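>>> sequence unknown, structure follows:
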């Protein structure tokens, strides 16, 4: 029997590995192009236990929410309405916004914003956060309770959840409605006779009970528009005011995730229906802050100033693909789509120094490997 040396055996092994690799089926890549053929605002993507991707979002003139399904993130099929405001004692059956769906113990929980029926003062904006549940990501989702999770005493929208060590954290945005705030930007606009006051929306965080029945402790203010005009964030977060578009400054559409021990909270500023809607982010070492806004904000905004065709980019979420790539999913508009909000997906990366970058908005073919 011939005896091979260790060096020869290693060489043979290397040849076999190379040969097997050459015979392996190449990984399939998928090409897509923004905007996707999905007319959603506030999009949210879930990869369910059935291996498929589901997208939920705000639909125009819907008394609830539709969903789409995909096998590859590029090609989406509308599966119709998955939730309808079925509890008239709770919701006014209008203004259903920003659904997010989470898979917990083989059930699917949808958090959403809607007009709460209980409105003794007849407020024009009376939004609260509701929860619906289903046995399938395709629905139908049914209200978990005949009430919101809690009532903070002011309208709130844009629920987002973070789960950690058995605890659940809820993030939401207080609406601008009846929330006038003193600031140098407000004084500047008032001196010019543009607006009498500037209303603002702020992002809060609070721990909630795992069964969604209520909150634990008091909500904490996490993010708000800058007070001083020399704040490095003031220019981009105030464009709806400085362009005389509207007398409001928004901090909304938050989405939190954790990377390398740091909590990243992405958020949107400016009027969602205008061209200046844009996305920034802030970081913290604690899920309830304090958060520090990033110096490279905004990380996603209109590209028309650079010859592009995309405006109104905002209300994003972050999705991690099986290949490890993170993607920013958001809505925007083009000249072709007009005022209709449509969905975009672009790669997101965290640099070694912790800086977050969104490689978009793009309208050229992109590849998902």
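Everything's here; your move. Please read these numbers as outputs of a predicted model, since none were measured by experiment.
>>> ok, which stretches of the stretch 201-350 of the chain are strands?
For the stretch 201-350 of the chain, strands defined by DSSP state E, counting those that start in this stretch occupy the ranges 202-208, 215-223, 248-249, 252-259, 262-269, 278-284, 292-293, 310-320, 326-334, 342-350.
>>> With mean neighbour count and distance to residue 54 as new columns, can those be given to me in JSON lines?
C-betas here are computed from N, CA, C, even on glycine. Formatted as JSON lines, the strands of the stretch 201-350 of the chain follow (neighbours: other CB atoms under 10 Å; distance: least, CB to CB, whole Å):
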{"stretch": "strand 202-208", "mean neighbour count": "22", "distance to residue 54": "23"}
{"stretch": "strand 215-223", "mean neighbour count": "16", "distance to residue 54": "28"}
{"stretch": "strand 248-249", "mean neighbour count": "24", "distance to residue 54": "32"}
{"stretch": "strand 252-259", "mean neighbour count": "22", "distance to residue 54": "17"}
{"stretch": "strand 262-269", "mean neighbour count": "24", "distance to residue 54": "21"}
{"stretch": "strand 278-284", "mean neighbour count": "22", "distance to residue 54": "23"}
{"stretch": "strand 292-293", "mean neighbour count": "14", "distance to residue 54": "32"}
{"stretch": "strand 310-320", "mean neighbour count": "24", "distance to residue 54": "11"}
{"stretch": "strand 326-334", "mean neighbour count": "24", "distance to residue 54": "12"}
{"stretch": "strand 342-350", "mean neighbour count": "20", "distance to residue 54": "13"}
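>>> Please convert these to CSV, extending it with mean pLDDT and distance to residue 84.
Listed next are the strands of the stretch 201-350 of the chain as CSV, based on pLDDT from 0 to 100; distance: least, CB to CB, whole Å:
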stretch, mean pLDDT, distance to residue 84
strand 202-208, 98, 25
strand 215-223, 98, 27
strand 248-249, 98, 30
strand 252-259, 98, 24
strand 262-269, 98, 27
strand 278-284, 98, 30
strand 292-293, 98, 38
strand 310-320, 97, 22
strand 326-334, 97, 22
strand 342-350, 97, 22
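>>> Reformat the ones you listed into TSV and put distance to residue 184 next to each item.
Formatted as TSV, the strands of the stretch 201-350 of the chain follow (distance: least, CB to CB, whole Å):
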stretch	distance to residue 184
strand 202-208	17
strand 215-223	18
strand 248-249	12
strand 252-259	21
strand 262-269	17
strand 278-284	19
strand 292-293	17
strand 310-320	24
strand 326-334	30
strand 342-350	32
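>>> and residue 109, bridged to which residues?
With DSSP bridges applied, residue 109 shows beta-bridge pairing to residue 102, residue 133.
>>> these two touch, right, it and residue 135?
No: using CB atoms under 8 Å as the test, residue 109 is too far from residue 135 to be in contact (11.2 Å).
>>> Who has more neighbours out of those two?
Set residue 109 next to residue 135 and count neighbours by other CB atoms under 10 Å: residue 109 wins out with 18 against 12.
>>> what sits against that one?
Counting by CB atoms under 8 Å, 6 or more residues apart in numbering, residue 109 touches 101, 102, 131, 132, 133, 144, 212.
>>> Enumerate every residue touching the third one.
Which is residue 131. 109, 110, 111, 112, 143, 144, 145, 149, 212.
>>> repeat that with 6 Å
111, 144, 212 (CB atoms under 6 Å, 6 or more residues apart in numbering).
>>> sorry, back to before: would you tell me which of the strands of the stretch 201-350 of the chain gets closest to residue 30?
For residue 30, the closest of the strands of the stretch 201-350 of the chain is strand 342-350, at 11.1 Å, according to CB to CB.
>>> still on that earlier bit, among the strands of the stretch 201-350 of the chain, which is nearest residue 80?
Nearest to residue 80 among these is strand 342-350; the distance by CB to CB comes to 17.1 Å.
>>> and the angle for that closest one with strand 252-259?
40 degrees (axes from the mean of the first three to the mean of the last three CA atoms, to 10 degrees).
>>> Each with direction, which strands does strand 342-350 pair with?
Counting by DSSP bridges, strand 342-350 is paired with strand 326-334 (antiparallel), strand 356-358 (antiparallel).
>>> looking at those strands, which is closest to residue 87?
Closest among these, using CB to CB: strand 326-334, at 27.4 Å.
>>> quick one, the closest one and strand 278-284 angle?
150 degrees.
>>> Off-centre distance for strand 326-334?
Centre-to-centre, strand 326-334 and its host chain are 9 Å apart (CA atoms, centre = their mean, to the nearest Å).
>>> what about residue 94, which SS state?
Three-state call for residue 94 (DSSP: H, G, I helix; E, B strand; the rest coil): coil.
>>> Contacts only, for it.
Each residue near residue 94 by CB under 6 Å, 6+ apart is listed here: residue 115.
>>> Repeat that for residue 38.
Residue 38 touches 68, 76, 343, counting by CB under 6 Å, 6+ apart.
>>> If we use 10 Å, what do you get?
Counting by CB atoms under 10 Å, 6 or more residues apart in numbering, residue 38 makes contact with 55, 57, 66, 68, 70, 76-78, 331, 341-345.
>>> and if you look at residue 265?
Neighbouring residues of residue 265 by CB under 10 Å, 6+ apart: 160, 162, 171, 203, 205, 222-223, 254-257, 280-284, 287, 289, 291, 293.
>>> Could you do residue 35 as well?
Applying CB under 10 Å, 6+ apart to residue 35 gives the contacts 309-310, 331-334, 336-337, 340-345, 361-363.
>>> Look at it and report its pLDDT.
What the model reports for residue 35 is a pLDDT of 97.
>>> Shouldn't it be within a helix?
No: looking at residue 35 with three-state DSSP, it is coil, so not inside a helix.
>>> So it versus residue 267, what's the distance?
As judged by CB to CB, to the nearest Å, residue 35 and residue 267 stand 22 Å apart.
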